[in-house]
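>>> Quick one: sequence plus predicted model below, questions after.
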Amino acid sequence: MRVAIRCLLGLGALLPAYAAAQDIVQGREIARRWCSACHVVERTGTEAPANGLPTFPVIAARADLTADRLRAAINPQHGRMPDLALSRRQQDDLIAYIFSLRQ
Ligand code: HEC
């Protein structure tokens, strides 16, 4: 038993990015704070807002969605998205949250 626990702890230390990417609750907070001015970020938000931007559940439902694509959208080089300068950790949390909206 002890060995198993130590083994799990060891894995967590080896894979910090993986552990960080699991923080869906934190991602939701970030989405509400930084994204909800323009996007509908809640699970129930399937209606497009008046600005015509896709809601997060609609984005999450896309079959071809990948974490890399989301990261690119969050870090826009061009386009109309503002550069919100989120930390890598915040991006991982957001991506975990958006993927959690998949039905
Ligand atoms: C100031 C308004 C604004 C805010 C705030 C904003 N966005 Fe956007 N977002 C846009 C616009 C406008 C587009 C359309 C992209 C374009 O035309 O360049 C977009 C597009 C996207 C897309 C791509 C959608 C697609 O159709 O492929 C994703 C994903 C996205 N935003 C995620 C986010 C996330 C995550 C946040 C919060 C960190 C956020 N946005 C905050 C305005 C905003």
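Yep, it's here. Numbering: from 1, shown residues only.

>>> Distance check, T44 against P82.
25 Å (Cβ to Cβ, to the nearest Å). C-beta here means a position set from N, CA and C on the backbone, and glycine is covered the same way.

>>> Same question for P57.
P57 is 22 Å from P82, by Cβ to Cβ.

>>> In terms of neighbours, single out the busier of those two.
P57 (19 against 10; other Cβ atoms under 10 Å).

>>> Name the helix or strand for that one, please.
helix 56-61 (DSSP states H and E).

>>> Check the offset of that helix from the chain's centre.
11 Å (Cα atoms, centre = their mean, to the nearest Å).

>>> Output the contacting helices and strands for it.
helix 88-100 (3 or more Cβ pairs under 8 Å, 6 or more residues apart in numbering; DSSP states H and E).

>>> try 10 Å this time
Applying 3 or more Cβ pairs under 10 Å, 6 or more residues apart in numbering; DSSP states H and E, one finds that helix 56-61 contacts helix 67-74, helix 88-100.

>>> Ranking those by mean neighbour count, which comes first?
Mean neighbours per residue, mean count of other Cβ atoms under 10 Å, is largest over the helices and strands packed on helix 56-61 for helix 88-100, with a mean of 20.

>>> That helix: how far from the chain's middle?
2 Å.

>>> who touches that helix?
16-35, 41, 43, 56-57, 59-60, 65-71, 73-75, 84, 86-87 (Cβ atoms under 10 Å, 6 or more residues apart in numbering).

>>> which SS class is W34?
helix (DSSP: H, G, I helix; E, B strand; the rest coil).

>>> That one: what's it in contact with?
So W34 contacts V41, I74, P82, L84, L86, Q90, L94 (Cβ under 10 Å, 6+ apart).

>>> Would you check how far apart the fourth one and Q26 are?
Counting by Cβ to Cβ, the gap between L84 and Q26 amounts to 15 Å.

>>> likewise the first one?
When Cβ to Cβ is applied, the distance between V41 and Q26 equals 13 Å.

>>> which of those two has more neighbours?
V41 (24 against 17).

>>> Do I have it right that the more buried one meets R28?
Yes - with contact defined as Cβ atoms under 10 Å, V41 counts as touching R28 (7.5 Å).
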